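# sequence and predicted model, in that order:
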Amino acid sequence: MKFLNSLSLLGLVIAGCEAMRNISSKELVKELTIGWSLGNTLDASCVETLNYSKDQTASETCWGNVKTTQELYYKLSDLGFNTFRIPTTWSGHFGDAPDYKISDVWMKRVHEVVDYALNTGGYAILNIHHETWNYAFQKNLESAKKILVAIWKQIAAEFGDYDEHLIFEGMNEPRKVGDPAEWTGGDQEGWNFVNEMNALFVKTIRATGGNNANRHLMIPTYAASVNDGSINNFKYPNGDDKVIVSLHSYSPYNFALNNGPGAISNFYDGNEIDWVMNTINSSFISKGIPVIIGEFVAMNRDNEDDRERWQEYYIKKATALGIPCVIWDNGYFEGEGERFGIIDRKSLNVIFPKLINGLMKGLGDEKPKTTIRRTTTTTVQVQPTINNECFSTRLGYSCCNGFDVLYTDNDGQWGVENGNWCGIKSSCGNNQRQCWSERLGYPCCQYTTNAEYTDNDGRWGVENGNWCGIY
Ligand SMILES: *[C@@H]1O[C@H](CO)[C@@H](O)[C@H](O)[C@H]1NC(C)=O
Ligand SMILES: *[C@@H]1O[C@H](CO)[C@@H](O)[C@H](O)[C@H]1NC(C)=O
Ligand SMILES: *[C@@H]1O[C@H](CO)[C@@H](O)[C@H](O)[C@H]1NC(C)=O
């Protein structure tokens, strides 16, 4: 350990490490007002029809959406959204056991889109979405655990230095696909599977250290559904105040989601929404457990006025409980399927402006505060990426391939590989710069010295999509 002590005397500040506010998820959700989901895009999966080895990024558009842009997120931010869920499917983009190595090209693209969202000054939720390896059957559990750990360790390392604006959601709607219990709230086998996977997800992220030790995490109930079975059998981890329950509710079903017999286009009955909200309140909110409704919307049935009223009703109820909601926009407006489109991602025209009106009316006084955003795309391009580097190279030690932390000092986290100390990628040391901007709710710049902006408080820089105070 002698050389490690002498290394820490150098006291270098690690590029890319950002101060993270230590607030509970209960406090964090107060800042997330209304959210938008990039549906059917990074989560699109075309392993049957596309050759992923040839082009890892083609899946983004294979369900018919356009390539995602920074401008889309700026537009959404202008409309009032401050929370951006980025559903992402990793199946097809990672290699074989035991490493399950995620393609660098895919990781880079996901990273870019996360940055687009964070560049607005808002929050991003990154998840694992339409996977095929985590169907909630006992016979899948052992292999699913291995893949879950391998995939999340890589994602956690990639974003280890990001602050509390980036939230990880462990799974999407884990359920017994193809089973009679798939959508009925589950059974003992399904609940056990989901509880074990959720606990392992939290443990895995925490163990990667750095800002991930304090990252806000979302975990779903069985199928992320709100019903007695899935909720009463859900296990919320004890002793970790940075875990949020992730729920989906397309309610009332016949108005919002049903595309078959019984479907209705008028919204006249709030009973089902009331039941959902009361259930969430009695099971979670009233016990101090924070919740995000990560998916909800009502499909287009040429009924925009009804949808506007529905939207306002739904959001008003959720807002009264302090639950942020993330609307699901899959970019589809017409046809026989799920017509959940809201904004045309190519022209950036809002196709159903009344829906947005309904949302904002439902929020009442809880409208998002104006967020400070990065103003030029130049800063986006010069944003430092440290994905393939680590702090230790400048100290004469190579970067670890793995993420097992043996030791942490002021320089970062250290592992041992092939008998030598190596630096863990994207890790942060114990030293975090502190300065004047923290009392204003902004971190201290960890490495930037160029001011993008100066005001009476001081000189402001930008790191990882957030304003920071220059020391
Ligand atoms: C974060 O805050 C909690 C509760 O106030 C405290 O128990 C915990 O030690 C803090 N963690 C860090 C890393 O400061
Ligand atoms: C997929 O693409 C890779 C790389 O271009 C190529 O080597 C492989 O033969 C292709 N596979 C099929 C089934 O076409
Ligand atoms: C939530 O539940 C608590 C405890 O039962 C109750 O006091 C409160 O009024 C409920 N909130 C809403 C908005 O219904």
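On my side now, so go ahead. Ligands and ions are numbered 1, 2, ... in the order given.

# going forward, measure contacts and count neighbours with C-alpha atoms only.
Noted.

# which positions in stretch 259-274 come out as buried?
Of the residues in stretch 259-274, those buried by neighbour count under the rule 16 or more other Cα atoms under 10 Å are Asn259, Ile264, Ser265, Asn266, Phe267, Ile273, Asp274.

# other residues contacting that stretch?
For stretch 259-274, the external contacting residues (Cα atoms under 8 Å, 6 or more residues apart in numbering) are 251-252, 254-255, 301, 303, 306-307, 309-310, 313-314, 317, 337-338.

# cutoff 10 Å now
249-258, 277-280, 298-311, 313-314, 317-318, 336-339 (Cα atoms under 10 Å, 6 or more residues apart in numbering).

# write a ChimeraX command that selects only the buried members of those residues.
In ChimeraX, this line selects whichever of those come out buried by 16+ other Cα under 10 Å:
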select :249,250,251,252,253,254,255,256,257,258,277,278,279,280,298,299,300,301,304,306,307,308,309,310,311,313,314,317,318,338,339
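
# and the contacts of stretch 259-274, which of them are in helices?
Using DSSP state H, the subset of the contacts of stretch 259-274 located in helices is 253-256, 277-280, 304-311, 313-314, 317-318.

# per-residue pLDDT of the residue in the chain that ligand 2 sits nearest to, please?
Closest residue of the chain to ligand 2, Cα to the nearest ligand atom: Lys54 (4.0 Å). On the pLDDT scale, Lys54 is placed at 96.

# how much space between it and Ser91?
Separation of Lys54 from Ser91 (Cα to Cα, to the nearest Å) stands at 15 Å.

# so for those two, which sits in the more crowded spot?
Between Lys54 and Ser91, counted using other Cα atoms under 10 Å, Ser91 has the larger neighbour count: 20 against 8.

# from the buried residues of stretch 259-274, which land in helices?
Ile273, Asp274.

# of the buried residues of stretch 259-274, the lowest pLDDT goes to which?
Asn259 (92).

# ok, that one to Gly335 distance?
Separation of Asn259 from Gly335 (Cα to Cα) stands at 11 Å.

# before we move on, the earlier item: need the buried residues of stretch 259-274 in a markdown table with distance to ligand 3, can you?
Listed next are the buried residues of stretch 259-274 as a markdown table, based on distance: Cα to the nearest ligand atom, whole Å:
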| residue | distance to ligand 3 |
| --- | --- |
| Asn259 | 31 |
| Ile264 | 27 |
| Ser265 | 27 |
| Asn266 | 25 |
| Phe267 | 21 |
| Ile273 | 12 |
| Asp274 | 9 |
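
# so what's Gln56 up against?
So Gln56 contacts Leu50, Gly92, His93, Phe94, Ser103, Asp104, Val105, Trp106, Met107, Arg109 (Cα under 10 Å, 6+ apart).

# try 8 Å this time
His93, Ser103, Val105, Trp106.

# which element, helix or strand, includes it?
Secondary structure assigned from DSSP states H and E places Gln56 in neither a helix nor a strand.

# repeat that for Asn198.
According to DSSP H and E, Asn198 maps onto helix 188-207.

# same question, Val177
Using DSSP H and E, Val177 falls within no helix or strand.

# tally up the residues packed near Gly419, please.
Neighbour count of Gly419, defined by other Cα under 10 Å: 7.

# any idea how far Leu406 is from it?
For Gly419 relative to Leu406 (Cα to Cα), the value is 13 Å.

# kindly report the same for Thr132.
Taking Cα to Cα, one finds Thr132 at 33 Å from Leu406.

# coming back round to it: buried ones in the helix holding Asn198?
Buried positions in helix 188-207, judged by neighbour count with 16+ other Cα under 10 Å: 190-195, 197-198, 200-202, 204-207.

# thinking again about what came up before, filter the contacts of Gln56 by proximity to ligand 3?
Near ligand 3, taking Cα under 6 Å from any ligand atom as the test, no member of those is found.

# same list (the residues you listed) but as a markdown table, adding pLDDT.
What follows is the contacts of Gln56, written out as a markdown table (pLDDT from 0 to 100):
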| residue | pLDDT |
| --- | --- |
| His93 | 98 |
| Ser103 | 98 |
| Val105 | 97 |
| Trp106 | 98 |
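
# list buried residues within these.
Buried members of the contacts of Gln56, counted by 16+ other Cα under 10 Å: His93, Ser103, Trp106.

# what parts of the stretch 1-150 of the chain come near ligand 2?
Within reach of ligand 2 by Cα under 6 Å from any ligand atom, the stretch 1-150 of the chain has these residues: Asn51, Ser53, Lys54.

# let's see 8 Å
For the stretch 1-150 of the chain, the residues in contact with ligand 2 (Cα under 8 Å from any ligand atom) are Asn51, Tyr52, Ser53, Lys54, Asp55.

# check these against ligand 3, which are close?
For ligand 3, no contacts are drawn from these by Cα under 8 Å from any ligand atom.

# ranking those by neighbours, who comes first?
Using other Cα under 10 Å as the neighbour criterion, Tyr52 leads those with 17 neighbours.

# let me know whether that one touches Ser91 as I believe.
No. With contact defined as Cα atoms under 8 Å, Tyr52 does not count as touching Ser91 (10.3 Å).

# please list which of the ones in helices among the contacts of stretch 259-274 are also close to ligand 3.
Met277, Asn278, Lys317.

# hang on, the earlier thing: element containing the residue of the chain closest to ligand 2?
Assigned by DSSP H and E, Lys54 falls outside every helix and strand.

# quick check: the gap between it and Val105.
Lys54 is 11 Å from Val105, by Cα to Cα.

# for Asp306, same thing?
Relative to Val105, Asp306 is positioned 43 Å away (criterion: Cα to Cα).

# same question, Glu338
From Glu338 over to Val105 (counting by Cα to Cα), the distance is 30 Å.

# strands along the stretch 251-400 of the chain, start to end?
Secondary structure of the stretch 251-400 of the chain (DSSP state E, counting those that start in this stretch): strands located at 291-296, 325-329.

# comparing those strands, which stretch has the densest surroundings?
Stretch with highest mean neighbour count among the strands of the stretch 251-400 of the chain: strand 325-329 (a mean of 25; mean count of other Cα atoms under 10 Å).

# in its sheet, which strands sit next to that strand, and in what direction?
Paired neighbours of strand 325-329 in the sheet (DSSP bridges): strand 34-38 (parallel), strand 291-296 (parallel).

# about what we covered before: a markdown table for the strands of the stretch 251-400 of the chain, including mean pLDDT and distance to Asn22?
Listed next are the strands of the stretch 251-400 of the chain as a markdown table, based on pLDDT from 0 to 100; distance: least, Cα to Cα, whole Å:
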| stretch | mean pLDDT | distance to Asn22 |
| --- | --- | --- |
| strand 291-296 | 98 | 19 |
| strand 325-329 | 98 | 23 |
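
# distance to ligand 3 for the ones you listed - can I get that in TSV?
Compiled in TSV, those are given as follows (distance: least, Cα to the nearest ligand atom, whole Å):
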stretch	distance to ligand 3
strand 291-296	13
strand 325-329	15
